[in-house]
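Novice: I'd like to go over a predicted model; first the sequence, then the structure.
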Amino acid sequence: MRPRLIAFDLDGTLVESAPDLADAVDQMLRERGRPEAGEAAVRQWIGNGVGMLVKRALTGLMWPVADPPDFVEALECFSQHYEQHVCRRSTLYPGVREGLEALRAEHYPLVCITNKHSRFTRPLLQQLGIDTLFDWVGCGDQFTRHKPDPESLLHAAERFGLSPAACWMVGDSRNDVLAARAAGFGVLCVPYGYPGEGTVDSLAADDIIASLDQLPDWFRQHTTESRP
């Protein structure tokens with residue numbers, strides 16, 4: 001059936017945010033007397049919240065076992081720099097605004113669900129001019145567990161009084177697919193963004209859609225009564 005709710009990931013799905021994240025990471029590292037990481041490395045580290053991003057930057061490891069000794073100070077340093085320049089070089093991906101506006105015109109309820117802290121998410125959406133296109137925004141600091149855990153998606157379904165089977169997730173990474181599957185959502189992926197380990201083709205989403213402006217047609221063509 002027609003989706004009753006469509007949830008969107010933020011970084012890598014709606015917004016090309018790596019340039020500003022990388023700038024804040026490198027500024028934090030410089031102030032701590034360490035070599036810069038560079039944007040290419042930061043792109044691989046995005047997706048598990050700013051805490052994990054900073055741990056990865058400090059250790060160079062994708063999955064650090066323990067917090068680095070200077071983690072707390074480094075996190076605050078990063079956060080200050082990123083908050084000041086959250087949208088200096090970040091941009092919407094092509095087709096994002098058009099896709100969201102077209103879905104709104106067809107009266108789909110839309111939400112944004114991200115592991116990103118609200119102190120960064122809300123200003124970013126506002127400065128990019130898409131905050132009013134969402135009926136609700138769920139940020140990492142609002143939940144006990146983050147994607148790939150399904151908590152945030154299940155909360156969204158419950159908030160709107162919906163069965164998860166009536167909801168869809170649109171993302172760019174393994175976290176989005178795993179969270180959607182665990183929640184019982186349908187899931188689409190974009191071929192750009194920050195898939196992290198592996199490629200988007202290996203994520204086993206329901207489909208890969210080239211641009212968000214194709215979503216209205218995709219849902220008309222592919223959703224049926226088989227999803228109650």
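Specialist: The structure has been received and is ready for your questions. Everything numeric in this text was worked out from a predicted model, so none of it was measured.

Novice: all contacts plus neighbour counts: C-alpha atoms, from now on.
Specialist: Noted.

Novice: Which residue ranges make up the domains of the chain?
Specialist: 5-16+91-222, 18-84 (automatic domain parsing).

Novice: Mind putting those into TSV with mean neighbour count and mean pLDDT?
Specialist: Shown next, in TSV, are these (neighbours: other CA atoms under 10 Å; pLDDT from 0 to 100):
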stretch	mean neighbour count	mean pLDDT
domain 5-16+91-222	19	96
domain 18-84	18	95
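
Novice: What strands line up against the helix or strand hosting M169, and which way round?
Specialist: If you go by DSSP states H and E, M169 is part of strand 167-171. Looking at strand 167-171 with DSSP bridges, its partner strands are strand 5-8 (parallel), strand 186-189 (parallel).

Novice: Could you list which residues are in contact with the residue lying closest to L215 once chain neighbours are set aside?
Specialist: Once flanking residues are discounted, L215 sits nearest to G99: 6.6 Å by CA to CA, 6 or more residues apart in numbering. Taking CA atoms under 8 Å, 6 or more residues apart in numbering, we find G99 in contact with 211-216.

Novice: run the last query once more with 10 Å
Specialist: By CA atoms under 10 Å, 6 or more residues apart in numbering, the contact list for G99 reads 105, 211-216.

Novice: Widest-spaced pair of the residues you listed?
Specialist: A105 and S211 (17.5 Å; CA to CA).

Novice: circling back: could you redo the strands paired with strand 167-171 as CSV and give each row distance to R174?
Specialist: Listed next are these as CSV, based on distance: least, CA to CA, whole Å:
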stretch, distance to R174
strand 5-8, 14
strand 186-189, 9
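
Novice: looking at this structure, which residue ends up farthest from its center?
Specialist: Distance to the chain centre peaks in the chain at G33, reaching 30.3 Å (criterion: CA atoms, centre = their mean).

Novice: quick one: K55 and E73 touch, right?
Specialist: No - taking contacts as CA atoms under 10 Å, K55 lies outside contact range of E73: 11.4 Å.

Novice: Can you show me the helices along this structure?
Specialist: Applying DSSP state H to the chain gives helices spanning 18-31, 39-45, 49-59, 71-84, 96-105, 118-128, 151-159, 174-183, 215-222.

Novice: Hmm, D20 is touching F78, no?
Specialist: No - judged on CA under 10 Å, D20 makes no contact with F78 at a distance of 11.0 Å.

Novice: Quick check: neighbours shared by these two?
Specialist: D26.

Novice: got the helices of the chain as TSV, with distance to A205 columns?
Specialist: As requested, these are exported to TSV (distance: least, CA to CA, whole Å):
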stretch	distance to A205
helix 18-31	23
helix 39-45	20
helix 49-59	22
helix 71-84	31
helix 96-105	19
helix 118-128	25
helix 151-159	16
helix 174-183	6
helix 215-222	14
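
Novice: closest to R4 out of those?
Specialist: Nearest of the helices of the chain (CA to CA): helix 151-159, 9.3 Å.
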